[in-house]
Each structure stands twice: as C-alpha cells, then as structure tokens.
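> Mind looking at a prediction? Sequence and model below.
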Amino acid sequence: MKISGILVLSCLLSLTLFQITKSEPVVDTNNEQVMPGSTYYILPATTGNGGGLTLAKGANGSCPLNVYQAQNSQSVGLPLRFLMVNSSAGLVIDENEEVNIKFAAPRYDLICKKSTVWRIEGGLVTTGGIKGGSVSGTSTCLFTIQKYEDAYALQYCPRAKGCTFICPKLSCGYIGVSSVANGSKRLAVNRTAYKIVFKKA
C-alpha cells in the first residue's frame, strides 16, 4: 500500500509540475495568438532602437543572404512566417516550441537561389536553411520563442551531431545583434538577448 501511495503521489506531483511549466501561446502586438503560416514583422521591443529584420548579401556580394536589423527605426523590415517543426503541435505557436523561421518575401528566394529559412552558420544568422531543421548532421535551423522580461526573445538550441532518435538539446543561446562594418547590425547567437515583439503583417 505504501508503494502504491507513493506512486500516486509522484504522478500527482508530476501533473502539477507540468501544469506549472506549461508554455503559454506567443501573442502579437494586438494581443492575438501568433499563428503558424501567418506573416509577421519582428520588431525591437524598444522604439527608436533600429527597425525590423531584413536581408542582405554578405561581404563582396556573396550568398547566402544574411539576416540584419534595419538601421531606420521607421522600417518594419520584411515579413516572416513561423513554420511548425512538430507535426503534432497545436494551431498556435507556444513559447519554447521549436519552429523554423522563414522570410515571406518570394523575390529574395531568387537572389541567391536558396531558401530564406533561417539557419546558424559560424555563430551568425543566415539563410538557406531546410524546413525541419537538419543541415550537416546538426539542427541548425531550429529556433524557439522565449518570454523575456516584458517582451520576447529568440533562442537557438542545436542538437548533437549524428543523433537520429532522441536528440538532446545542447547549450542554448539567445539571438542578439552584432555590429558590423558601416554600422549595420547583424543577428548572431550567444549575444545579449534582442528583445522583440511580433506585429501582424
């Protein structure tokens, strides 16, 4: 009887912890739930701190296109979509849920003839990623949206190389902005979190 009582107590405790840690849906600037497939602008949570997100070629006009923050605070940048990775996920994007992020700007797909799905390369956010996430044995295209203070932040959590079944997350890092030549701000991983909000396009 003692053992069965302990098991029941353990189950109840687990359910309670699950309810406490259950993720909340991500909401946009209208306080509406962010939906997969809909288009949004990712904007800085603090006004006057640059604009939305955009794309540009690398040094010497090289491909793929890289992800930058627009320097003009009035610019909303380019629209994006969040793509579900888990087919059993719900109809809204929850905090901590793995997603792919893709610019919803078809003409940019043609510039480098690569997808505009985000991926991490050399610690920087670039494009040419694969929906679902795996490039060269690591899930370089998987991101999560985290509640961060009074806004949100993006996180990148790579998976172990060669993993095919249960793939533990490696050390996660916040996506922030890194100043580059000519005063541009490029998105990079393992930086101070870039506080953002989502505006319906």
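Good, I have the coordinates.

> Helices along this protein, start to end?
With DSSP state H as the criterion, the chain has helices at 2-21, 106-111.

> For the ones you listed, which has the smallest mean pLDDT value?
With a mean of 41, helix 2-21 has the lowest mean pLDDT of those.

> Residue 113 versus the residue nearest the centre of the chain, what's the distance?
Geometric centre of the chain, nearest residue: residue 143, 3.7 Å, by Cα atoms, centre = their mean. Between residue 143 and residue 113 the computed distance is 23 Å (Cβ to Cβ, to the nearest Å). C-beta coordinates here come from the backbone N, C-alpha and C atoms, glycine included.

> Kindly report the same for residue 31.
Counting by Cβ to Cβ, the gap from residue 31 to residue 113 is 39 Å.

> and the spatially closest residue to residue 190 that is not a sequence neighbour, what pLDDT?
Of all residues not flanking residue 190 in the chain, residue 173 sits nearest, at 3.8 Å (Cβ to Cβ, 6 or more residues apart in numbering). We note a pLDDT of 92 for residue 173 in this prediction.

> Verify the stated contact: residue 173 with residue 146.
No: between residue 173 and residue 146 there is no contact, the gap being 11.3 Å when judged by Cβ atoms under 8 Å.

> so what sits against both of those two?
In terms of Cβ atoms under 8 Å, 6 or more residues apart in numbering, residue 173 and residue 146 are both contacted by the residues residue 155.

> In contact with residue 174, which residues are there?
So, once contact is read as Cβ under 8 Å, 6+ apart, residue 174 ends up touching 146, 153-155, 189-194.

> and if you look at residue 39?
Residue 39 makes contact with 79-81, 104, 200-201 under the criterion Cβ under 8 Å, 6+ apart.
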